[in-house]
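Q: fold the stuff below for me.
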Amino acid sequence: MRKFRFITSFLLFFSSFLVINQGYCQEKIPEVQFKNAPVLFEINGKQYQQVIATYESDQVGEIVIKSQNDELVKAELKEGNNTFLIDLPAVKKNKNRNFQVKINQTAQKDYSFVITPPKEWNIFLVQHSHTDIGYTRPQSEILAEQMRYIDYALDYCDQTDNLPDDSKFRWTCESAWVTKEFLKSRSKDQIKRFKQRIAEGRIEVTGMFANMAEIADENVMYDFFQPLRDIKESDFPVQTVMQNDVNGVAWCIPDYLKNTGVKYLAMGINETRSIRPFDKPTCFWWESPSGERLLAFRPDHYMTGNFFGFETKAVKPERVLGYLADLEAKNYPFNKIAIQFSGYFTDNAPPSTAACEIVKEWNQKYIYPKLRLAVASEFFEYVEENHATSLPVYRNAWLDWWTDGYGSTSRETAEVRRTQNMKQTDEGMFAMVSMLGGELNPDLQAEINHISENAIFFDEHTCGADESISHPFSENSTRQWLQKGAYAWEALKQVTLLNEEALARLQSFMKKADFPVIYVVNSLGWERSGLVEVFIDKEQLPINREFSIIDLTTQKKTSAQLIRDRREGAYWALEVENIPALGYKTYRIELSDNEIADKTKDNAPLETLENQFYKIRVDKSSGAIISLYDKELDKELVDSENDWKLGQLVRETLPARNKMIPSHSAVSNVKIEKGSEGDVWESIRILSDLDGFTKGEENDPKGLDVEIRLYKNVKKVEFQYQAAKEIVTSPEALYVSFPFALPDSRIVFETIGGVLSQGQQLPGSSSDWNTAQNFVAVRGNDCQVIVVSDEIPLWQFSDFNMGKFERYPKPGKPWLYSWVMNNYWFTNFRAFQEGGFHWSYQLTSSKDTTNTFATKFSWGERNSFATRTFPAGKNEFDQTKFESLKITGSPNAMLVNSRPAFNGSNAVLLHFRELEGNQADVALDSNIDGRIIKRMVEVNILGDEIGEELQKIHLNPYEVKFIELEF
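A: From the prediction side, this is the model:
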């Protein structure tokens, strides 16, 4: 049997809780501290209250406390903290009381203390099982057990039916995924029992699929809430969502839950390696950028009740009372509080009835505080009914401190990000098929759900075993990581097949010609230009012959460049223009009998790249960019005051995992070579070595390979990185620096469902590092620089920020540090990475400083065009350009996603978001012969209709809407 490992994060919180939450000083104190305990009880018809006396002793000994000649305490002292409860007659108003204290052989000391009437507290105890998909045991075991816990909860409801109401067993299902699977796998009788207990308020189901890290995108977050559909179709009410352990949550959530009946958010934060918003448990209105809101509660740790012993047979009253006294000292505004706990002191804990008897006995003994076993929504209902108008309002992103751990899984994180974007492309093509009246696979929705579920399980916050750092090569650590990583690879495999299926379904509406033709499909909601990577068989395009790719709409030649060659074909980069939204354009392959001539510039300096947009100079010693001059803006974009240059690789190390004192080092053995040269870009390659990566010989580096591409026809610079990582388990990290020089600028980035500036976030949420959905920008008054990475979501702003933990981060210099990888955690995440890994960045600069420009540039870079190449065949070719849905109106209204509505018709679901904080209007018209839009209506994320039929779509500032179109 595997030896049980006590969860490190609990130990950390518990030790800090004893020191902080009970009001003890962290420094050793020479005096006794007295504090009113908010408790009232009766003995022989007389009411009493208590005072808490605490003493931090540096040795064993004896303490005696007297008052009015009565000996109140005589006890042995232990080394460390000592706590005593002193019974005193209850008072109706403040009253002075003198205490005399003698410790060991020291002289007696007098204390004067004001006794106050006890506050009439009520505690809602919310039992749940924290859903860690892994960590305590392998994922394959946890998934099944979480469903079994609901069976136990039903039995425990039966067992405690005869107890007083406050002490009856109650259970909150933390994860909607567990509830959904329970409903699929249980008998009708068991589901009937479940429904009855929910109706009675003994069990509550909540609406979040799982506890999420911040690497999901807003499209996957739509899928994240789809279990709500299954739950609500079973007539189970859902009004609460819970995110436990994790200390941030996606900003789009209030928008997504609009009109679903869900109105409460409980965030049981674990403060490990983070700080929490607010200095005490706080209820507030949490708003999305649009102003949609949830009633949010930031309680203390999701197992606070376990620190008091509620899962045992011996609760510790002094800890409960000390906790409440601390809340009073911090001016907590209510006389009711919700405290979460688990049936056992571990994650993935089964339910327990231990607290039932404790609550019964407690309420028999104490007049106040009263305890009640409750479901999560009970406390929210109290707050909403009594304090809704007085709550503070925060329209800030709630950024997650723990997503940095996904820097320890860089390869799989990159693949999940690519999967998310490919899925978005696929769904857009299926929407086109639906609008065209085409046939969809009846299993399509299940296929998409399978991909989403695997992506979500990877994005879920549990990344590995509790011993993943202390024993990185143990069987448990290895098994858990392989199962976790498998989610990413399964999602990638299936989304690739889905891509082929989408193109195949759309293919029936594409006609062949008597010449080879390439169809380029744009599944996004605006006409766009960009780069597309196309694989073409050598039957259609041999790589040794001159050729032309002709835009059949304009009859102009399209720039093309070889990327890489295979035996049967090659990958080509094509620069395509003005591909219609939710449509396609066609291109013709024309071959010549001439062989391709070498276009390499023999005399071009290796360290310089230049075109009509930029001039780039590379430093020979570091291999990084020392100058990026924008000719259009007439600005030098690289800040020479920074010690690190643009695109420079920086290794960071820590002396220990608990000492965030970073040291930084650069590459060595730098070698610069000519890169590729073609019609699309020219480039240079920089090879180098770096500690922690494969080492080469002198002038023959092996560890790192950087290609800097300067595009010839569009304003863009691209950085392609390849690394050969060696296994290192000591703390290390890798960054790429982007120190920009832009006067009067600020750092702006896109989080899940919104754009915010550096520091404009919920105070106490992640500030040392941030997670970008698609772009990070440095934005000035008259221009902005935008950086996009398809693979890397993590960034540090203005400086290397390890260990700062700033509650109120202040904007700094416009220096960006892409955080490629790290292994800094002490549990859960990976201790090392290994092997080959590649990643990239795309950079542009513009006079256009809008969110619209930055968002659409970055979405265009990350969401690839889909392509289909047909060989010559029977000529049925009839149109060079096709647009399925004509979207007109305000450019600041962005179509986030389109997909089939899966409601039994050819309806499609469109997801819009307003980008600039302005009003926006959008008109939609079918551009398909013989097919009109029969009906347009707003729906919620569950497909329920909201309001009357629409003639056009109106968006308020930053508003999100889901629109269903019926053809």
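
Q: now what about whatever helix or strand residue 145 lives in, what contacts it?
A: Counting by DSSP states H and E, the element that carries residue 145 is helix 139-159. Helix 139-159 has contacts (Cβ atoms under 8 Å, 6 or more residues apart in numbering) with 129, 131-134, 136, 168-171, 173, 175, 178-179, 181-182, 185-186, 190, 193-194, 197, 202-203, 348, 350-353, 457, 480, 483-484. Every residue, glycine included, has its C-beta placed from N, CA and C.

Q: quick one: mean pLDDT for the helix or strand containing residue 363?
A: In this assignment (DSSP H and E), residue 363 forms part of helix 354-365. Within the predicted structure, the mean pLDDT of helix 354-365 is 97.

Q: quick one: buried residues of it?
A: Residues of helix 354-365 classed as buried: 354-356, 358-360, 362-363 (neighbour count, 16 or more other Cβ atoms under 10 Å).

Q: now for it, which elements pack on it?
A: Using 3 or more Cβ pairs under 8 Å, 6 or more residues apart in numbering; DSSP states H and E as the contact criterion, the secondary-structure elements in contact with helix 354-365 are strand 122-127, strand 370-374.

Q: next SSE after that helix?
A: If you walk from helix 354-365 toward the C-terminus, the next helix or strand you reach (DSSP H and E) is strand 366-368.

Q: can you list the strands that that next one pairs with?
A: Paired with strand 366-368 in the same sheet, following DSSP bridges, are strand 33-43 (antiparallel).

Q: ok, and what's touching the strand it pairs with?
A: Outside strand 33-43, the residues that reach it (Cβ under 8 Å, 6+ apart) are 23-25, 47-55, 85, 90, 99, 111, 113, 115-116, 118-121, 317-318, 321-322, 324-325, 328-329, 365-369.

Q: so which of the residues you listed are in helices?
A: Members of the contacts of strand 33-43 lying in helices (criterion: DSSP state H): 317-318, 321-322, 324-325, 328-329, 365.

Q: pick the one among the residues you listed closest to residue 226.
A: Distances from residue 226 to the ones in helices among the contacts of strand 33-43, taken as Cβ to Cβ, are shortest for residue 324 (40.0 Å).

Q: next one: the closest one from residue 854, what distance?
A: Going from residue 324 to residue 854 by Cβ to Cβ, to the nearest Å gives 48 Å.

Q: quick one on the thing from earlier: emit the PyMOL select command for whichever of the contacts of helix 139-159 are buried.
A: For anyone working in PyMOL, the buried entries among the contacts of helix 139-159, judged by 16+ other Cβ under 10 Å, can be selected with:
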select buried, resi 129+131+132+133+134+136+168+169+170+171+173+175+178+179+181+182+186+193+194+197+202+203+348+350+351+352+353+457+480+483+484
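
Q: quick check: which ranges of the protein have low pLDDT?
A: By pLDDT under 70, the low-scoring segments of the chain are 1-30, 598-604.

Q: could you find the closest non-adjacent residue to residue 899?
A: Leaving aside its sequence neighbours, residue 899 sits nearest to residue 427 (Cβ to Cβ, 6 or more residues apart in numbering; 3.9 Å).

Q: between the ones in helices among the contacts of strand 33-43, which sits nearest residue 594?
A: When the ones in helices among the contacts of strand 33-43 are compared against residue 594 (criterion: Cβ to Cβ), the nearest one is residue 329, at 85.2 Å.

Q: run a quick neighbour tally on the nearest residue to residue 711 once chain neighbours are set aside.
A: The shortest distance from residue 711 to any residue other than its chain neighbours is 4.9 Å, reached at residue 681 (Cβ to Cβ, 6+ apart). Around residue 681 sit 26 other residues, with neighbours defined as other Cβ atoms under 10 Å.

Q: dump the residue contacts of the nearest residue to residue 907 once chain neighbours are set aside.
A: Nearest residue to residue 907, sequence neighbours excluded (Cβ to Cβ, 6+ apart): residue 901, at 3.9 Å. Residue 901 sits next to 434, 907-909, 943, 964 when contact means Cβ under 8 Å, 6+ apart.

Q: my read: the residue nearest to residue 711 touches residue 562, true?
A: No. In terms of Cβ atoms under 8 Å, residue 681 does not count as a neighbour of residue 562; the distance is 11.4 Å.
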